[in-house]
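Trainee: What shape does this take:
(one chain, ligands or ions: 2)
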Amino acid sequence: MLYVKAPAKINLTLDVLYKRPDHYHEVEMIMTTVDLADRIGVETRQDGLIKLSSSSSIVPNDERNLAYQAAQLLKDTYNIKMGASITIDKEIPVAAGLAGGSSDAAATLRGLNQLWELNLSLDTLAELGAKIGSDVSFCVYGGTALATGRGEKIQQIPAPPTCWVVLAKPKIGVSTASVYGGLNLDEVKHPNTKQMIQALNENNYELMCKSLGNVLESVTFKLHPEVVMIKEQMKKFGVDGVLMSGSGPTVFGLIDSETRLSRVYNGLRGFCDEVFAVRLIGERNSLA
Ligand SMILES: C[C@](O)(CO)[C@H](O)COP(=O)(O)OP(=O)(O)OC[C@H]1O[C@@H](n2ccc(N)nc2=O)[C@H](O)[C@@H]1O
Ligand SMILES: Nc1ncnc2c1ncn2[C@@H]1O[C@H](COP(=O)(O)OP(=O)(O)OP(=O)(O)O)[C@@H](O)[C@H]1O
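Mentor: Numbers count the residues shown, from 1 in each chain. Ligands and ions are numbered 1, 2, ... in the order given. Reported below is the predicted structural model:
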């Protein structure tokens, strides 16, 4: 069995520029990886079938699973006769705004590329990944990137200053399609993407914390007031910066002191379903 790491992502910024005729939204967002990861195992099957199992009882084990779709897409595109057994050790919460499914698909592409000796470049895998979902291309590379288009155009940028990240997810799942669908661009406050890029270029932690912004917060906050409450609690417990990731409902807080980290972590565990304290990684080579 070959094992591949599938880390979660957070959005440091998420801006929507306009709605496109194909019903997707043109986005501009800065994404980075955190040290909370699923573990994907891949093994060749001589019978040509794709079989998947996972440690989670809520993700499907059939062709609805994004990792299954990744294997099928590779097989179909390159006319591969071999099959694969895929296992998923799920650590990333599901439907959380952390790209868990997308990262599983990306890790499956990387893993099978190696296992089946296809020698495809990461750029080729990212292009394939875009057919599965908008976040998959970023997850193929990992690291830190500016994503544009519908999210599939990836430009690597410097990793953020290292710090702690507290992730807090309330007991609800959010549908990405309905959040984008509920967006009113006349109402939103756009994040300053350029300023965030400057912060990363300068390795400036304070400016990074000040530049966090996500236009989708306006929609998810209206649908789920408990997400607003988590954001307020994080501020109260003393994080340096706080934002909802993706379409939510996970909220993340950035902290650079271990003392404050335990205060925030313990405080949130009191009333939030799933809380994680992890490191911001943001380096491309961390996928090994
Ligand atoms: C919210 C984010 O996670 C931020 O990183 C992504 O923009 C969403 O990425 P994703 O979950 O991979 O999204 P997809 O599976 O491609 O799309 C799910 C649905 O979200 C909406 N969608 C997604 C991406 C985009 N740029 N515009 C959209 O309007 C569409 O209704 C689409 O049918
Ligand atoms: N490998 C997988 N892991 C998790 N969910 C999966 C997977 N494959 C398919 N799904 C389905 O995808 C849906 C979204 O799950 P996921 O955890 O990827 O959401 P997310 O973190 O909000 O994604 P994003 O941040 O990319 O919008 C769930 O309804 C789940 O059933």
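
Trainee: And the residue of the chain closest to ligand 2?
Mentor: Nearest to ligand 2, among the residues of the chain, is G101, at 2.7 Å (C-beta to the nearest ligand atom). Any C-beta I mention is one placed from the backbone N, CA and C, and that applies to glycine too.

Trainee: Quick check: next helix or strand after the helix or strand hosting that residue?
Mentor: G101 belongs to helix 100-115 when assigned by DSSP states H and E. Later in the chain than helix 100-115, the nearest helix or strand by DSSP H and E is helix 122-129.

Trainee: now for the worst-scoring helix or strand of the chain on mean pLDDT, which elements pack on it?
Mentor: The weakest-scoring helix or strand in the chain, judged by mean pLDDT, DSSP states H and E, is helix 258-269 (a mean of 92). Here helix 258-269 touches strand 164-169, helix 225-237, strand 251-255, strand 274-279, going by 3 or more C-beta pairs under 8 Å, 6 or more residues apart in numbering; DSSP states H and E.

Trainee: Buried residues, the helix holding G101. List them.
Mentor: By 16 or more other C-beta atoms under 10 Å, the buried positions in helix 100-115 come out as 100-113, 115.

Trainee: Any part of it near ligand 1?
Mentor: Yes. Counting by C-beta under 6 Å from any ligand atom, ligand 1 has neighbours in helix 100-115: S102.

Trainee: That helix: how far from the chain's middle?
Mentor: Counting by C-alpha atoms, centre = their mean, to the nearest Å, helix 100-115 is centred 14 Å from the centre of its parent chain.

Trainee: how many degrees apart are the longest strand seen in the chain and strand 274-279 in direction?
Mentor: Using DSSP state E, we find that the single longest strand of the chain is strand 25-45. Orientation check (axes from the mean of the first three to the mean of the last three C-alpha atoms, to 10 degrees): strand 25-45 against strand 274-279 gives 90 degrees.

Trainee: Could you export strand 25-45 as PDB, CA atoms only?
Mentor: Written as PDB, here are the backbone C-alpha positions of strand 25-45 (Å, rounded to 0.1, in the frame of the first residue of the first chain):
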ATOM      1  CA  HIS A  25     -18.300  32.500  -9.900                       C
ATOM      2  CA  GLU A  26     -15.100  34.100 -10.900                       C
ATOM      3  CA  VAL A  27     -13.000  34.100  -7.800                       C
ATOM      4  CA  GLU A  28      -9.700  35.500  -6.500                       C
ATOM      5  CA  MET A  29      -8.600  33.700  -3.300                       C
ATOM      6  CA  ILE A  30      -5.500  32.900  -1.400                       C
ATOM      7  CA  MET A  31      -5.300  29.400  -0.100                       C
ATOM      8  CA  THR A  32      -2.900  27.600   2.200                       C
ATOM      9  CA  THR A  33      -2.500  24.200   3.700                       C
ATOM     10  CA  VAL A  34      -2.800  23.300   7.400                       C
ATOM     11  CA  ASP A  35      -1.400  20.400   9.300                       C
ATOM     12  CA  LEU A  36      -4.700  18.500   9.600                       C
ATOM     13  CA  ALA A  37      -4.700  15.700   7.000                       C
ATOM     14  CA  ASP A  38      -6.500  12.600   5.800                       C
ATOM     15  CA  ARG A  39      -4.300   9.700   4.800                       C
ATOM     16  CA  ILE A  40      -5.000   8.000   1.500                       C
ATOM     17  CA  GLY A  41      -3.700   4.500   0.800                       C
ATOM     18  CA  VAL A  42      -3.600   3.200  -2.800                       C
ATOM     19  CA  GLU A  43      -2.800  -0.300  -4.000                       C
ATOM     20  CA  THR A  44      -3.000  -1.800  -7.600                       C
ATOM     21  CA  ARG A  45      -5.800  -4.300  -8.400                       C
END
